[in-house]
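> Kindly return the folded structure for what I paste below:
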Amino acid sequence: MRQNNYKNLSTDLANQNVCLVAVSKTKPNEAILDLYNQGQRIFGENRVQELVSKWESLPKDIEWHAIGHLQRNKVKYIAPFVNLIHAVDSKSLLEEINKQAKKNERSISVLLQFHIATEDSKFGLVLNEAIEILTDKIQFTNIEFSGVMGMATFTNDKNQVRTEFNTLKNYFDELKEKFFSNDEKFSEISMGMSGDYKIAIDAGSTMVRIGSLLFGAR
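Numbering: from 1, shown residues only. Predicted structure coming up:
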């Protein structure tokens with residue numbers, strides 16, 4: 001484990017009031033515990049089966065984030081414990097999360113994922129879809145809307161990445177003003193990964209998802 005990497009990165013992000021989500025997908029429990037023992041408590045997983053397995057076997061004060069594309073039929077497996085679902089990209093997924101949250105007698109925090117990249121392979125809402133969803137947000141009684149999430153295009157063009165992150169920040173600002181002006185909980189902008197997190201922070205990110213810088217290349 002790159003201990004100096006974690007110490008330096010976590011300190012730098014904390015000084016900027018940016019939350020670090022350690023992306024532990026495909027990594028063994030031992031690697032997660034190494035970071036845990038250095039103080040990291042927030043981990044992100046892409047696959048539901050792996051997320052459930054790690055939640056069952058690792059310390060219970062870990063805050064688990066579901067960061068990958070989530071199918072509706074998988075929500076029930078993480079609803080009892082997940083702290084934040086990053087990739088909410090449809091009204092139907094929100095409805096299922098709300099349903100499973102009710103069954104577990106809890107509220108589940110979510111981020112609305114936007115499609116800001118040029119790649120068709122990435123998921124996400126467009127702004128009008130999000131506005132339509134939030135216009136009727138009162139129906140989601142067991143959901144806490146915490147902010148937005150997006151992934152930039154995988155490119156070496158930093159200006160393009162910066163433009164895409166700025167777009168997400170603008171979406172956040174518009175939704176905040178329209179629907180959450182008096183709601184302090186709608187506060188997160190989850191954008192930025194190992195290769196572009198500095199650009200994301202400059203654009204207003206409050207939460208970065210870092211994997212390879214902490215765990216090494218997959």
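
> Kindly list the longest helix within this protein.
In the chain, assigned by DSSP state H, the helix with the most residues is helix 158-179.

> Contact partners for residue 199?
152, 158, 161, 162, 165, 192 (C-beta atoms under 8 Å, 6 or more residues apart in numbering). (Glycine included, C-beta is placed from N, CA and C.)

> now the third one: how far from residue 149?
It stands for residue 161. Counting by C-beta to C-beta, to the nearest Å, the gap from residue 161 to residue 149 is 15 Å.

> send the alpha carbons of stretch 201-216 over as PDB?
Output of stretch 201-216 as PDB, limited to C-alpha atoms (Å, rounded to 0.1, in the frame of the first residue of the first chain):
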ATOM      1  CA  ILE A 201     -11.700  20.400  -7.400                       C
ATOM      2  CA  ASP A 202     -10.900  23.600  -9.200                       C
ATOM      3  CA  ALA A 203     -14.300  23.400 -10.800                       C
ATOM      4  CA  GLY A 204     -16.100  23.000  -7.500                       C
ATOM      5  CA  SER A 205     -16.000  19.300  -6.600                       C
ATOM      6  CA  THR A 206     -16.800  18.400  -3.000                       C
ATOM      7  CA  MET A 207     -16.200  14.700  -3.300                       C
ATOM      8  CA  VAL A 208     -13.600  12.700  -5.400                       C
ATOM      9  CA  ARG A 209     -13.500   9.000  -6.100                       C
ATOM     10  CA  ILE A 210      -9.900   7.800  -6.000                       C
ATOM     11  CA  GLY A 211      -8.700   4.300  -6.800                       C
ATOM     12  CA  SER A 212      -5.400   3.800  -8.500                       C
ATOM     13  CA  LEU A 213      -3.600   6.600  -6.600                       C
ATOM     14  CA  LEU A 214      -4.400   4.800  -3.400                       C
ATOM     15  CA  PHE A 215      -4.400   1.100  -4.400                       C
ATOM     16  CA  GLY A 216      -2.200   1.000  -7.500                       C
END
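
> So the residue nearest to the spatial centre of the chain: helix, strand or coil?
By C-alpha atoms, centre = their mean, the chain has its centre lying nearest to residue 86, at 3.4 Å. Under the three-state scheme (DSSP: H, G, I helix; E, B strand; the rest coil), residue 86 adopts strand.

> From the contact counts, what lies against the helix or strand of the chain with the lowest mean pLDDT?
Least confident helix or strand, the chain: helix 3-15 with a mean of 89, by mean pLDDT, DSSP states H and E. Secondary-structure packing of helix 3-15 (3 or more C-beta pairs under 8 Å, 6 or more residues apart in numbering; DSSP states H and E): strand 19-23, helix 212-215.

> Reformat the ones you listed as TSV; add mean pLDDT.
What follows is these, written out as TSV (pLDDT from 0 to 100):
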stretch	mean pLDDT
strand 19-23	98
helix 212-215	92
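
> For these, give me JSON lines that also has mean neighbour count and distance to residue 64.
JSON lines is the format used below for these (neighbours: other C-beta atoms under 10 Å; distance: least, C-beta to C-beta, whole Å):
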{"stretch": "strand 19-23", "mean neighbour count": "23", "distance to residue 64": "10"}
{"stretch": "helix 212-215", "mean neighbour count": "20", "distance to residue 64": "16"}
